[in-house]
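Asks: coords please:
(one chain, ligands or ions: 1)
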Amino acid sequence: MPLGLMLRRIPAALARTVRLAWSVDRWMVLAVLGCQLAAGAGTAVTLAAVARSMEVLFGAGDPARTVREAAPALLVAAAATGAGAGARLIAEWATRRLNPKIAGAMELTLVDLHMRAELAAFDDPGFTDRSRAAETGVGRAMALTEDAKALTEGVVQLAVAASVLTVLHPSLLAVLALSVVPRAVGGAVAARIDHQVFEASTSARTTRDVMRWFLTTPDLADELRANTMRPYLYRWYQGMCERVEGRTLAAAPRFLRVGAVAAVLGGVCTAGLWATLAGLVLTGRMPAATAGAAVVAAQGAGRALGNLVRYGAALFHDGLYLDGYHRFVADAGARRVRRGTRAVAAPREIRLEAAGYTHPGAERPTLGPLSLTLRRGEVVALVGGNGAGKSTLVRLVTGLVTATSGTVRWDGADLAGADAESVWRQVGLVPQNIGRWPLTVRENLHLGQEGTPGDEVLWRAARRVGMDEAAGRMPHGLDTLLARALWGGHELSGGQWQRLACGRALHRAPGLLVLDEPTSALDAAGEQHVPAAVREGARERITLMVTHRLDHARLADRVVVLAGGRVVEDGGFAELASADGPFARICAEAARVGR
Ligand SMILES: Nc1ncnc2c1ncn2[C@@H]1O[C@H](COP(=O)(O)OP(=O)(O)OP(=O)(O)O)[C@@H](O)[C@H]1O
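Replies: Predicted coordinates:
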C-alpha cells in the first residue's frame, strides 16, 4: 500500500471510530472532545504564562522584586496546568466508558450477522477467515478509542505548542515539523508490516483455532485419550503454531531496519532543532528568556508529536483491523437471509418440482433434480445410504437453503420468495447434530418460542419423550442448569440430550416436523417412546423422519428412498419391501446383519 494512501487512512480510521463511538454514546464523545479542547486551552495559557514569567525572571532587576512580579504569571501557569490535567482525566474517564460500549455493540452485530446469514455463506471458506478477522477487529475496538483519543489530544496539544513556537520564531516550527517526519513514516511502515503478517497468517490461525476447540473440548476428550490420538494431534497442532510463528518471526528483521532508520533520522532532526535554538540565541536574534519559553514549548510539542506518531500509527494499524470488521459486516450483511416478504402458514402440502441443490463451489449437484410431494397427516420415512443427500433434502424442505434449480413450494408458495422467518416458525427440526444448549431444562424445552409457558406444559413436553423422571430427579427440576462444564450445573447423557431435542421440536407443535436420525443415541425405551410421540400428533402436520432403522420406517405411511441425490423409490413399506428394488435390497441387507 503506498505511503500516501496509508497516511490518508488515518483520518478515515479516526472518522470511523468517532462514528462508531457516536452511535453508542454521543454524550461521551462530546465529553472527550470538549475536554481535549479544554486541555489544549490549558496548555496555551500555561505556555503564555511561562513565557511571561521567563521574561520577568531573566530581566535585570532586584531578585526579590522580580520573583514578586513573576508570581502571578507562575500562579496562572500552575492553575492552567492543573485545569488541563483535570480535563485530561475526564477525557480518560469518558473514553473508558465508551470502550466497552463500542466493543459490546460490535460483538453483538457480529454474532447477529452470523445467525442471520444464509447457510451457503458458511460453505465459502473465505467467510470463516473474514469472520475471524472481524473478531480481531472487535478485540482491537478497545484500543481504537484509546488511539483516537490520544491522537486527537496530540493534534490539539501540537497545534497549541506549534502556535506558541511560531509566535516565538517562525523557523522553529519548520525544524520541529522535520523532526517528526521520519518517526511518522517509520511508525506507519511498521504498522503496515504488522498487518501484512497478520493477513498472511489468517488462514493458518483460523485452522489452528478451529482445531484448538477439538483438542480442548470435553466433548471429544474420551475419544482423544482412549484412542491415543494425542501425540499425532499434538504434532499437528505444533506444526500449525510453528507456521503462524514463522510468519511473525520472518518479519522481525524488517521491523528492526525500519525502526533503526526512523530513529537515526528522527534523532538528527531533533538535534537540528536544538542547534537552531542555540544559533538564534548566540547570534542575538532571540533573547535568552524567549529561548527558555521556546524550550518549554518545544518539549511540549515533542511530547505531542510523539503521541501523534505513536497513536497515528496505532490508529492506522487498528484501523486496518477495523476494516476487517467492516468488510465482514458488509459481506455478511449482503448474505443475510432476505428472500421475500410473503409470509407462509403451516403447509398442507410441500411440493418439490425438479428441485436440486448444488453446494457452492461444487461441480455437480448434491441433490436432484427431484420431484416429491409431502402431505399433511402423513409420516414419511426418508431412507438411503450415507451421503445419499437426505440431510440436504431436509434443508431444502425446511427452507434452510433454497433450491439452486427447480422449486420447493409450500401450498403453492415458492420458498425462494417467502419470508424465511415465517417458514421457520412452522418448522420443528431435530437435526443430526443437536445443540447442547448451556441453559436450564425449562429454556431448553421452550427455546425458539415466545412467552413463558406454565410448568405443566413443560412437564408434559418432557413426559412425551420420557424425560420427566430424569428432570424430576435433578436438583432444581425444570430450572436445573444443563452446563456442568461451564457453571457447575447438571450434565445430561447423549441420549437424554437427544430426547430433550425431540421434546423441544414436539413442544413447538409445528406444521412440519423433521427428525434427522432422532433415535441414534436412544436406549430401547427411547426408541419406542419418541416414534410413538411423533405419531401422536401426526394428523395435524407433515412429518419427515430420516432414519436408518427399518422398524421406524415401518411406522411411516410412506417410505422415500434416496440414492445419489435422487428419489429412487417412493411408496408404502410393505409395497417397497416386497418389490425387487433398492428398498428391498436395504431390507435384505438389514436382515443379513440382524437389524
Ligand atoms: N458443505 C458441503 N459442501 C460440499 N458438499 C457437501 C457439503 N455438505 C455435504 N456435502 C456432500 O453432500 C452429499 C450429501 O450429504 P448429506 O449430508 O445430505 O447426506 P446424508 O444422506 O444425510 O448422509 P448420512 O446418512 O451420512 O447423514 C455428501 O456426498 C456430502 O459429501
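Asks: who in the stretch 351-500 of the chain is up against the ligand?
Replies: Neighbours of the ligand within the stretch 351-500 of the chain, by Cβ under 6 Å from any ligand atom: 359, 362, 366, 384, 386-392. Backbone N, C-alpha and C define where each C-beta goes, glycine included.
Asks: Show the buried residues in those residues.
Replies: Among these, those classed as buried by 16 or more other Cβ atoms under 10 Å are 366, 384, 388-392.
Asks: Distance check, A413 against the ligand.
Replies: Counting by Cβ to the nearest ligand atom, to the nearest Å, the gap from A413 to the ligand is 24 Å.
Asks: Now do the contacts for that residue.
Replies: Residues in contact with A413 (Cβ atoms under 8 Å, 6 or more residues apart in numbering) are 342, 344.
Asks: what two of the buried ones among the residues of the stretch 351-500 of the chain next to the ligand are the furthest from one another?
Replies: The largest separation in those, counting by Cβ to Cβ, is between T366 and G384 at 12.7 Å.
Asks: that older thread, want to throw the residues of the stretch 351-500 of the chain next to the ligand into CSV with pLDDT and secondary structure?
Replies: Shown next, in CSV, are these (pLDDT from 0 to 100; DSSP: H, G, I helix; E, B strand; the rest coil):
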residue, pLDDT, secondary structure
H359, 90, coil
A362, 86, coil
T366, 92, coil
G384, 92, coil
N386, 90, coil
G387, 91, coil
A388, 93, coil
G389, 94, coil
K390, 94, helix
S391, 93, helix
T392, 94, helix
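Asks: Now the two most distant members of the residues you listed.
Replies: Among these, A362 and G384 lie farthest apart (Cβ to Cβ), at 18.7 Å.
Asks: Can you show me the strands along the protein?
Replies: Ranges of strands within the chain are 349-357, 367-375, 379-383, 405-410, 413-414, 427-430, 512-516, 542-546, 558-563, 566-571, based on DSSP state E.
Asks: Now tabulate those strands in a markdown table and tack on mean pLDDT.
Replies: Supplementary listing: the strands of the chain in a markdown table, determined by pLDDT from 0 to 100:
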| stretch | mean pLDDT |
| --- | --- |
| strand 349-357 | 96 |
| strand 367-375 | 93 |
| strand 379-383 | 95 |
| strand 405-410 | 96 |
| strand 413-414 | 95 |
| strand 427-430 | 94 |
| strand 512-516 | 94 |
| strand 542-546 | 95 |
| strand 558-563 | 95 |
| strand 566-571 | 94 |
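Asks: Reformat those as a markdown table; add distance to L256.
Replies: Conversion of the strands of the chain to a markdown table gives the following (distance: least, Cβ to Cβ, whole Å):
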| stretch | distance to L256 |
| --- | --- |
| strand 349-357 | 53 |
| strand 367-375 | 56 |
| strand 379-383 | 63 |
| strand 405-410 | 57 |
| strand 413-414 | 62 |
| strand 427-430 | 56 |
| strand 512-516 | 56 |
| strand 542-546 | 60 |
| strand 558-563 | 61 |
| strand 566-571 | 62 |
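Asks: any low-confidence regions in the stretch 101-250 of the chain?
Replies: 180 (pLDDT under 70).
Asks: what residues are up against the residue in it positioned nearest to the ligand?
Replies: Per Cβ to the nearest ligand atom, D123 is where the stretch 101-250 of the chain lies closest to the ligand, at 4.4 Å. For D123, the contact set (Cβ under 8 Å, 6+ apart) comprises 359-361.
Asks: can we see that at 10 Å?
Replies: When contacts are counted by Cβ atoms under 10 Å, 6 or more residues apart in numbering, D123 is found next to 359-362, 401.
Asks: Phi and psi next, for it.
Replies: phi -80, psi -10 (degrees, to the nearest 10).
Asks: what about A574, how many neighbours?
Replies: Residues lying near A574 (other Cβ atoms under 10 Å) number 10.
Asks: Am I right that it is in contact with R554?
Replies: Yes. If you go by Cβ atoms under 10 Å, A574 and R554 touch, sitting 8.7 Å apart.
Asks: Okay, domains of the protein per the record?
Replies: 3-23+98-334, 349-436+510-592, 438-491 (automatic domain parsing).
Asks: Please render those domains as TSV that adds distance to L74 to the earlier fields.
Replies: Formatted as TSV, the domains of the chain follow (distance: least, Cβ to Cβ, whole Å):
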stretch	distance to L74
domain 3-23+98-334	13
domain 349-436+510-592	69
domain 438-491	60
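Asks: Farthest pair within the contacts of D123?
Replies: Among the contacts of D123, G361 and V401 lie farthest apart (Cβ to Cβ), at 14.2 Å.
Asks: How about the contacts made by L57?
Replies: Contacts of L57 (Cβ under 10 Å, 6+ apart): 63, 66-67, 69-70, 73-74, 289, 292.
Asks: R463 too?
Replies: 469, 471-472, 503, 529, 533.
Asks: show me what contacts G406?
Replies: When contacts are counted by Cβ under 10 Å, 6+ apart, G406 touches 352-357, 368-371, 396.
Asks: and which of these is nearest to the ligand?
Replies: Nearest to the ligand, judged by Cβ to the nearest ligand atom, of the contacts of G406 is Y357 at 8.8 Å.
Asks: A420 versus the closest residue to the closest one other than its chain neighbours, what's the distance?
Replies: Leaving aside its sequence neighbours, Y357 sits nearest to L367 (Cβ to Cβ, 6 or more residues apart in numbering; 4.5 Å). According to Cβ to Cβ, to the nearest Å, L367 and A420 sit 19 Å apart.
Asks: Between these two, which has more neighbouring residues?
Replies: Between L367 and A420, counted using other Cβ under 10 Å, the more crowded position is L367 (28 against 20).
Asks: pretty sure that one is in contact with L382, am I right?
Replies: No. Using Cβ under 10 Å, L367 makes no contact with L382, being 11.8 Å away.
Asks: So for these two, which residues contact both of them?
Replies: In contact with both L367 and L382: 388-391, 393, 562, 567, using Cβ under 10 Å, 6+ apart.
Asks: now these as TSV including distance to N444?
Replies: Below are these laid out as TSV (distance: Cβ to Cβ, whole Å):
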residue	distance to N444
A388	31
G389	30
K390	26
S391	23
L393	27
L562	31
V567	35
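Asks: Specify which member of those is nearest to G137.
Replies: Once Cβ to Cβ is applied, the member of the shared contacts of L367 and L382 that ends up nearest G137 is S391, at 33.4 Å.
Asks: Point out the residues in this protein that sit beside the ligand.
Replies: 123, 359, 362, 366, 384, 386-392.
Asks: again, only this time at 8 Å
Replies: 122-123, 359-362, 366-367, 384-395, 432, 516-517, 546, 548, 562, 565 (Cβ under 8 Å from any ligand atom).
Asks: Find the residue closest to E153 in space, skipping its chain neighbours.
Replies: The nearest residue in space to E153 (Cβ to Cβ, 6+ apart) is Q36, at 5.2 Å.
Asks: burial measure for that neighbour, as a count.
Replies: When neighbours are defined as other Cβ under 10 Å, Q36 has 23 of them.
Asks: From V561, how far out is it?
Replies: Taking Cβ to Cβ, one finds Q36 at 72 Å from V561.
Asks: what bridges to R375?
Replies: Applying DSSP bridges to R375 gives these bridge partners: E349.
Asks: now T543
Replies: Listed by DSSP bridges, the beta-bridge partners for T543 are V379, L513.
Asks: mind checking how far it is from S131?
Replies: 35 Å.
Asks: which of the two has more neighbours?
Replies: T543 (25 against 20).
Asks: who's in contact with the more buried one?
Replies: By Cβ under 10 Å, 6+ apart, the contact list for T543 reads 374, 376-381, 428, 510, 512-515, 534-535, 537, 556-557.
Asks: Then R310?
Replies: 147, 150-151, 154, 183-184, 187.
Asks: likewise A416?
Replies: So A416 contacts 339-340, 399, 402-404, 407-409 (Cβ under 10 Å, 6+ apart).
Asks: Also A538?
Replies: 376-379, 513, 555-557.
Asks: In a markdown table: the residues you listed, plus neighbour count and distance to L14.
Replies: Below are these laid out as a markdown table (neighbours: other Cβ atoms under 10 Å; distance: Cβ to Cβ, whole Å):
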| residue | neighbour count | distance to L14 |
| --- | --- | --- |
| R376 | 18 | 59 |
| G377 | 12 | 63 |
| E378 | 17 | 62 |
| V379 | 22 | 62 |
| L513 | 26 | 54 |
| L555 | 17 | 66 |
| A556 | 24 | 63 |
| D557 | 15 | 66 |
